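[1] Test case, fold it:
(chains A and B)
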Number of protein chains: 2
Amino acid sequence: MMIWNEALRVVLDHALPLGPEMGPVCSSSEGAILAETIVADLDAPPFDKALMDGFALAGESPAFNEGWPLVNAVYAGDAQSGRLSQGHACPVATGARIPDGADRVVPFERTQKKDGILQVSDIPLSESFLARAGSDYRAGEVLLNSGTVLGPATTGALAAAARTAVRMIPIPIVAVISTGDELVEPNRKPMGSQIRNSNGPMLLSAIHQAGCLPKYLGIAPDCPNTLKNLILEGLTHPVLILSGGVSVGEKDFVRPMLETLGVKVLVHGIKLKPGRPFLFGITQKGGLVFGLPGNPTSALANFDLLIYPALLAMRGYTNPGPHFQTGIMGEALFANNNRPTLRPVGVKPEAGEFIVKDLGAKGSFELGVLTRSQGWLELPMGQWDIPKGSEVRILIPKLSAMVATLLQNA
Amino acid sequence: MMIWNEALRVVLDHALPLGPEMGPVCSSSEGAILAETIVADLDAPPFDKALMDGFALAGESPAFNEGWPLVNAVYAGDAQSGRLSQGHACPVATGARIPDGADRVVPFERTQKKDGILQVSDIPLSESFLARAGSDYRAGEVLLNSGTVLGPATTGALAAAARTAVRMIPIPIVAVISTGDELVEPNRKPMGSQIRNSNGPMLLSAIHQAGCLPKYLGIAPDCPNTLKNLILEGLTHPVLILSGGVSVGEKDFVRPMLETLGVKVLVHGIKLKPGRPFLFGITQKGGLVFGLPGNPTSALANFDLLIYPALLAMRGYTNPGPHFQTGIMGEALFANNNRPTLRPVGVKPEAGEFIVKDLGAKGSFELGVLTRSQGWLELPMGQWDIPKGSEVRILIPKLSAMVATLLQNA
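    Here you go, the predicted model:
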């Protein structure tokens, strides 16, 4: 059985970004990865502009002893502006083009106006409070590199470069099938030995959190034909996640059915607690197929450790993680694990540190504990007496993704 | 003029969560704040269940010397299961109900089957590999507190409790108006002194990043009537952000127009560089109105420091930040600031630390620098010689929001 790091390597080897496509740049492209180099089409600023509301001045001395004769106002957006003669002033607004001849701007607060003459109390140095054309960047300069994560500033820069659509890595659709005769949808009352399908909604939320598009295909009862049809539909998507049915029980049809349908299983079973039955395979077209155990803690541990990074890699992130953090044990913990373990724990940010709170998790079936957890405490195999205050390794899924984003742009 | 912390307090005093509404629980409710207490309607597990694929055993000794007589299979979801007699075994799948009388489960791997008799190599202790009904949580128990952030595990728990819709804090719509005669939309070629509107798209992306719904209302030229109509439309939303037109220039109609339309201006001008002209007001109905300077760095600094936390507060987060982090200067920096400053910097996660890289930002007009930044270096007013390796305070907007999420659930 593989250790989880090996399984992760196998998964990431096959988690390739989808081919770039043209897409509109909009608020929801935040987080997408740019797949072309963006070159500025114009200088920025496109003209010499004022950085303050006030007056553009030409030279360091006024035209007359009594002050700076004022000429026409220049507001932001005015198309033409004449040349400002030596010793003259003209009102300008922040962002406005300043006239040729002007070599500095004096802020409004340092001036007084009387009879068309401006008094300036403290004449700024040449080039003060103005930005010359092209001083931000020049036409033809690379503005954004391929591989950049789109966010507020980069979206602004695309707008400035007139790029309302760009090549970017498309967001993968991730299909989810829940398996098991015991499952009913949450809006139904479970009878006898039935339980409500909570893993389906949990995984859809996790897929959304990883920035992908979740697509729920429904519950497959333990009946080969229904399972076959749902899997066939699932395999049309770049990623398919099956929840349940991957252990070695007699009714676990998932693996044989996947293999019948051409999926090559590369990982089945890893040294991890919970989440040992983890299955990973690929389709002939390079699609990814994951099989997760039915217990919620096991399924989410597998997702956060192995699938979340794979989804980031498919979205084009080159350092997809998982990125562990250092946490500080808020209390002593004795752990005795026959496999490397991910333990759901509470995490409280305090004075720049992540204080780890044990939640007394007893087993992988505990959804109650999972709802109170905010991360995973990683523990190696063996018996460990972990004193209060010790440094430990923790995985906070969204924080791991944020680190991936910072590394992408760094 | 207020220092920014005072301005933040004024803003947060008025950034109240919208009234809770029933909403469907779906993948995109991730990040929303639950506004009711969720009580379990059933025990979890609802019955005694197996945690491994294997065999349920009744008692610690087999019925006969030769082994454990096998009775009917019990798979996950089977409605009825008889009572297992002392010394007998019955096959069970992970998650399946175990029959009455069974007191332990032995994993498949430790067994051999021959002629309907099971050989068990290492009989587990009583209660091994099974979960008793209600051992996760009991019907009537509080499963999720009001105020919980919805995410994968909590969404799973809502499904388990049959809650396909819950009361939650609605996500605010945030309207954006760009102002200024000089602006043209990004798909148009700027003529003369015009520039493309990059702040609009930048703010829409920032609003999306803050988990709110951006609504773009267009460009208001410096014409009171058009501005009035756009502002009237903007004021119908819980939040309105105006970009540009808030300084003291002659054509800055924004503040007087807001006041004419009943907006009470509570903050105008803060001790911050860039972003001094920041304006904040409230409508009679409690809506928030923000006015931002037109320069991109100023606008984004105002947004990340003052508006992002306000939006999180409106979404129901009780510790909305901004949550600063400790960064380590990756190089020496000399700074000379006449106001408290937010400087756009690169941030690279390295061995658990955030290494801060100065980008040589010269002014608030530089969109180019802003696209290469991942956070803000906070510097107090004055001259500072900051050696390489010093600890500094940095703000990484999405990380700040993540800390807010952890604190919410802690």
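
[2] use CA for all of it now, contacts and neighbours both
    Fine.

[3] For the longest helix anywhere in chain A, the averaged confidence score.
    Taking DSSP state H as the criterion, chain A has its longest helix at helix A:397-409. Here helix A:397-409 scores 96 as its mean pLDDT.

[4] so what does it touch, helix or strand wise?
    helix A:308-314, strand B:341-350, helix B:397-409 (3 or more CA pairs under 8 Å, 6 or more residues apart in numbering or on different chains; DSSP states H and E).

[5] among the ones you listed, which is the most enclosed?
    When you average the neighbours per residue for each of these (mean count of other CA atoms under 10 Å in any protein chain shown), helix A:308-314 leads with a mean of 26.

[6] check contacts around the residue sitting furthest away from the middle of chain A.
    In terms of distance from the mean C-alpha position of chain A, A:N65 ranks first, at 60.4 Å (CA atoms, centre = their mean). Going by CA atoms under 8 Å, 6 or more residues apart in numbering or on different chains, A:N65 touches no other residue.

[7] With A:A32 instead?
    For A:A32, the contact set (CA under 8 Å, 6+ apart) comprises A:V149, A:L150, A:M168, A:I169, A:P170, A:I171, A:R315.

[8] Tell me how chain A divides into domains.
    By the assignment in automatic domain parsing, chain A contains the domains A:2-18+A:170-314, A:21-43+A:136-168, A:45-135, A:325-409.

[9] is the helix or strand A:F280 falls within anywhere near chain B?
    A:F280 belongs to strand A:279-282 when assigned by DSSP states H and E. No: no part of strand A:279-282 sits close enough to chain B to count as contact by CA under 8 Å from any CA of the partner chain; the gap is at least 15.9 Å.

[10] hmm, who's touching stretch A:272-280?
    A:3-4, A:11, A:246-247, A:265-270, A:288-293, A:297-299, A:301-302, A:337, A:339-342, A:364.

[11] Just these: which are in helices?
    Helix and strand membership here follows DSSP H; of those, those in helices are A:W4, A:V11, A:T297, A:S298, A:A299, A:A301, A:N302.

[12] start to end distance for stretch A:294-310?
    From the first residue to the last, stretch A:294-310 extends over 20 Å; the measure is CA to CA, to the nearest Å.

[13] Helix or strand: which one has A:L227?
    When elements are defined using DSSP H and E, A:L227 is found to belong to helix A:224-234.

[14] next one: A:P91
    Assignment of secondary structure by DSSP H and E places A:P91 within strand A:89-92.

[15] do A:Q119 as well
    With DSSP H and E as the criterion, A:Q119 is inside strand A:117-120.

[16] Need the nearest residue in space to A:E366, chain neighbours excluded.
    Sequence neighbours aside, B:D136 is the residue nearest to A:E366 in space, at 5.2 Å (criterion: CA to CA, 6 or more residues apart in numbering or on different chains).

[17] Verify the contact between A:H237 and A:L213 for me.
    No: with contacts counted by CA atoms under 8 Å, A:H237 stays clear of A:L213, the gap being 10.6 Å.

[18] what pairs with the spatially closest residue to A:F324 that is not a sequence neighbour across the strands?
    Among residues not flanking A:F324 along the chain, A:L395 sits closest, at 4.7 Å (CA to CA, 6+ apart). Applying DSSP bridges to A:L395 yields these beta-bridge partners: A:W376.

[19] who's in contact with A:A56?
    Remark: with contacts taken as CA under 8 Å, 6+ apart, A:A56 is in contact with A:A50, A:A89, A:C90, A:P91, A:V92, A:I98, A:P99, A:A102, A:D103, A:R104, A:V105, A:V106.

[20] same thing but at 10 Å, please
    Contact criterion CA atoms under 10 Å, 6 or more residues apart in numbering or on different chains gives A:49-50, A:70, A:73-74, A:84, A:88-93, A:97-107, A:128-130 as the residues in contact with A:A56.

[21] The helix or strand harbouring it pairs with which strands, parallel or anti?
    Under DSSP H and E, the secondary-structure element containing A:A56 is strand A:54-57. Listed by DSSP bridges, the sheet partners of strand A:54-57 and their directions read strand A:89-92 (antiparallel), strand A:104-107 (antiparallel).

[22] just how off-centre is the host helix or strand of A:L258 within its chain?
    Secondary-structure assignment from DSSP H and E places A:L258 in helix A:254-260. If you compare the mean C-alpha spot of helix A:254-260 with that of the full chain, they lie 33 Å apart, counting by CA atoms, centre = their mean, to the nearest Å.

[23] ditto for stretch A:380-400
    24 Å.

[24] and if you look at stretch A:394-406?
    Centroid separation between stretch A:394-406 and its chain, computed with CA atoms, centre = their mean, is 9 Å.

[25] coming back round to it: any residues in contact with both of A:H237 and A:L213?
    For the pair A:H237 and A:L213, residues contacting each of them under the criterion CA under 10 Å, 6+ apart are A:P172, A:I173, A:V174, A:A175.

[26] close enough to count as contact, the second one and A:L288?
    Just to be clear, that refers to A:I173. No: contact criterion CA atoms under 10 Å: A:I173 and A:L288 do not qualify, at 11.2 Å.

[27] what is in contact with these two at once?
    Common contacts of A:I173 and A:L288, defined by CA under 10 Å, 6+ apart, comprise A:H237, A:P238, A:V239, A:L240, A:L311.

[28] Could you pull out the strands in the stretch 151-300 of chain A for me?
    Using DSSP state E, counting those that start in this stretch, the strands assigned to the stretch 151-300 of chain A run over residues A:165-168, A:173-179, A:183-184, A:195-196, A:213-220, A:239-243, A:264-268, A:270-271, A:279-282, A:288-292.

[29] now for those strands, which one comes closest to B:R163?
    For these, distance to B:R163 was read as CA to CA. The smallest value, 10.9 Å, belongs to strand A:195-196.

[30] does chain B sit close to that closest one?
    Yes: contact check for strand A:195-196 against chain B, using CA under 10 Å from any CA of the partner chain: residues in range are A:I195, A:R196.

[31] tell me how far that strand is from the chain's mean position?
    The offset between the C-alpha centroid of strand A:195-196 and the centroid of the whole chain comes to 33 Å, using CA atoms, centre = their mean.

[32] what residues does it touch?
    With contacts defined as CA under 10 Å, 6+ apart, strand A:195-196 is touched by A:180-190, B:42, B:44-47, B:76-77, B:95-96, B:156-157, B:159-162.

[33] go again using 8 Å as the cut-off
    Here strand A:195-196 makes contact (CA under 8 Å, 6+ apart) with A:182-186, A:188-190, B:46, B:77, B:159-160, B:162.

[34] All set now, cheers.
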